[in-house]
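A.B. asks: show me the folded form of this:
(chains A and B)
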Amino acid sequence: MAQIEFHGVTKRFDNGQEALANVSAEFGEGSMAFLTGHSGAGKSTFLKLLLCLDQPSRGQILVNGVNVTRMSGRRLAHYRQHLGAVFQDHHLLSHRSVYDNVSLPLRITGMKEKDIARRVRAALSRVGLLEKERLFPRYLSTGEQQRVGIARAVVTRPKILLADEPTGNLDPELSRDIMKLFEQFNQVGTTVIVASHDRDLIESMGVRIIELDQGVIVRDGMDTRRDIEAPPDGDDHG
Amino acid sequence: MAEAEAHKPARRASDPWPPVRPGVGAWWRDHVRIARETAHFISARLGTSLLVWLLVGIALALPAGLYLIQQNLAAMTAAWDGRPGLTAYFDLDASQPAIDAVRSHLEADERVVAVSVTDPESALDEFRRFADLADALDLLDTNPLPASLRATLATEVDLGALTALTSEVSRLEGVSEVVVEKTWLERVSDITAVVSRLGVILGVLFGVGAVLVTSTSVRLAIEARLEELKVLKLIGATERQMRRPFLYFGAFYGLGGGLIAAMLISLCLVIVEAPLSSLLGSYSQELDLVGFDPLFLGSLLLVGGVLGVLGALLAATSRLKDLEIL
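C.D. replies: Have a look, this model is predicted:
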């Protein structure tokens, strides 16, 4: 069974615009995939629906066989505790140190301070920012801020890691470093889905690529240059 | 494992993964952390916090002050020497048997708890001591003062019964006049009732005011931490966890306001104590002000805290319900 399943998912906004149109896709546990496409293609909507930040107008999103689109309250909160999310603009808290930002997801689980410290330092070490744990985000470069965001997303050892344009503000070299980080997290069993419009970068990674155009999957495969057709419902590319 | 202890899995088929249910230790750690962060947040904005405390404190002090006035008036009138009671003045030529008859009549009345008779000679001696008119009184051939009788009534006897008894005594043989400080008593009684009702009305109004003040302050605190709340919601904080810091805000503001109110009231009591003591002393009564007891001051803190939490709950519930993350 696939870990994540999109079944005929459509998202239509109040103004009538359709961000996703009857999208079906599956992601196996521990898989890695890139969502690509032009601006407005539906990449961010895809991730937002998976994070339950919005609800689809039609269709189902199953995670481990459970429809997550209608979850609310405590169940939704618990679901999100198993996800890691990285965004282009980091969403770091400016009045909290790097350490405090990264420790936030652990604190809401009520973890003991010594365990928090161990986990946070391990995550910061993975992204190469251990020595900057006491600094505030404003004293970090854009790339460093993004790595703090990644550390915060992975510190709970999430089952699924989602990233929306994580390299949008970064130069090519930094972007590659960030992508390598995602690859490393994937190698330890985390399902990783990254939305990016940087075709050159994602094609160099050699992993599954799903291309969206006006809310429709137009390509789905390991190499977009070979123009692989979108698979029928139920195919697992994990 | 320490982490495993904090996370007891509870399987539910409708969840993608077994939900983690924090134990009591985790719950306690969360509260301690939030209390510490709230104290830090408030101390970092001491000017604003002081303003809120003052507003809440004044809002609490006014009805609490009126309550104290009412309590003190009630205590004073209850403790008033000889009150409730009446004084019967006899005719100058009233015979001793007539005086004894009135005395026996009143002693037999169950509304009366004590009867004392002052004969004309004792009255004259007392008059000499207080009026400083010894020389003038020596010039008189006869004692101009009549015998008198003081009857003290049970405290539960109301003004209606006192009026009836006055009328009854005035008809007895040998009684020339019956004096009751009825007008004074009625005034005090009316004032106590007015103050009591005013206290309730102001208590409700200012209580609502205190709730609104803390609610507005908490709302501002929520707006100031909106970005953090969005992140918390994104990473899986429950609504209760997101609301919790603001309930602490409300409690801190309320408790601080209660403390200010207690200080204001104590200050007022200290200020009025000396002149009030002097006033009561002229009526041969000792001052024992109600309001300095720890129970009252503790209650003030408690009421402040509860109102603060209510205000915070009001603000946090409405604002966090529809919080958009991104």
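A.B. asks: just the element for the closest residue to chain A within the stretch 51-200 of chain B, please.
C.D. replies: Relative to chain A, the nearest point of the stretch 51-200 of chain B is B:Val52 (20.4 Å; C-beta to the nearest C-beta). The way it works is simple: take the backbone N, C-alpha and C, and place the C-beta from them, glycine included. Here B:Val52 sits within helix B:46-79, counting by DSSP states H and E.
A.B. asks: next SSE after that helix?
C.D. replies: strand B:85-90.
A.B. asks: close to chain B: what parts of chain A are there?
C.D. replies: Residues of chain A lying close to chain B by C-beta under 8 Å from any C-beta of the partner chain are A:48, A:51, A:53, A:63-66, A:68, A:73-75, A:77-83, A:85, A:87, A:91, A:93-94, A:96, A:104-105, A:107-115, A:152, A:156, A:159.
A.B. asks: among those, which lie within helices?
C.D. replies: Secondary structure defined by DSSP state H assigns A:48, A:73-75, A:77-81, A:104-105, A:107, A:113-115, A:152 of these to helices.
A.B. asks: measure how far the lowest-mean-pLDDT helix or strand in chain A is from the centre of its chain, please.
C.D. replies: Sorted by mean pLDDT, DSSP states H and E, the helices and strands of chain A end with helix A:199-203, the least confident at a mean of 83. Distance of helix A:199-203 from the chain centroid (C-alpha atoms, centre = their mean, to the nearest Å) equals 17 Å.
A.B. asks: give the other helices and strands that the helix or strand following it contacts.
C.D. replies: Per DSSP H and E, the first helix or strand lying C-terminal to helix A:199-203 is strand A:208-213. If you count contacts as 3 or more C-beta pairs under 8 Å, 6 or more residues apart in numbering or on different chains; DSSP states H and E, strand A:208-213 packs onto strand A:18-27, strand A:32-36, strand A:216-221.
A.B. asks: give me that answer again for 10 Å
C.D. replies: Where contact means 3 or more C-beta pairs under 10 Å, 6 or more residues apart in numbering or on different chains; DSSP states H and E, strand A:208-213 is packed against strand A:18-27, strand A:32-36, helix A:43-50, strand A:191-195, helix A:199-203, strand A:216-221.
A.B. asks: buried residues in the fifth one?
C.D. replies: Residues A:Leu201, A:Ile202 are the ones in helix A:199-203 that count as buried (16 or more other C-beta atoms under 10 Å in any protein chain shown).
A.B. asks: residue in chain B nearest to chain A?
C.D. replies: Going by C-beta to the nearest C-beta, chain A is nearest to B:Ala26 of chain B, at 2.3 Å.
A.B. asks: ok, which of the helices and strands packed on strand A:208-213 comes nearest B:Ala35?
C.D. replies: Closest approach to B:Ala35 among these is made by helix A:43-50 (34.4 Å; C-beta to C-beta).
A.B. asks: what about that closest one, distance to the chain center?
C.D. replies: That offset, for helix A:43-50, works out to 9 Å (C-alpha atoms, centre = their mean).
A.B. asks: report the buried residues of that helix.
C.D. replies: Across helix A:43-50, burial judged by 16+ other C-beta under 10 Å covers A:Lys43, A:Ser44, A:Thr45, A:Phe46, A:Leu47, A:Lys48, A:Leu49, A:Leu50.
A.B. asks: can you check stretch B:119-138 too?
C.D. replies: Buried residues in stretch B:119-138, counted by 16+ other C-beta under 10 Å: B:Asp119, B:Pro120, B:Ala123, B:Leu124, B:Phe127.
A.B. asks: local confidence estimate at the last one?
C.D. replies: In other words, B:Phe127. With respect to pLDDT, B:Phe127 has a value of 78.
A.B. asks: try the first one
C.D. replies: The confidence metric pLDDT takes the value 90 at B:Asp119.
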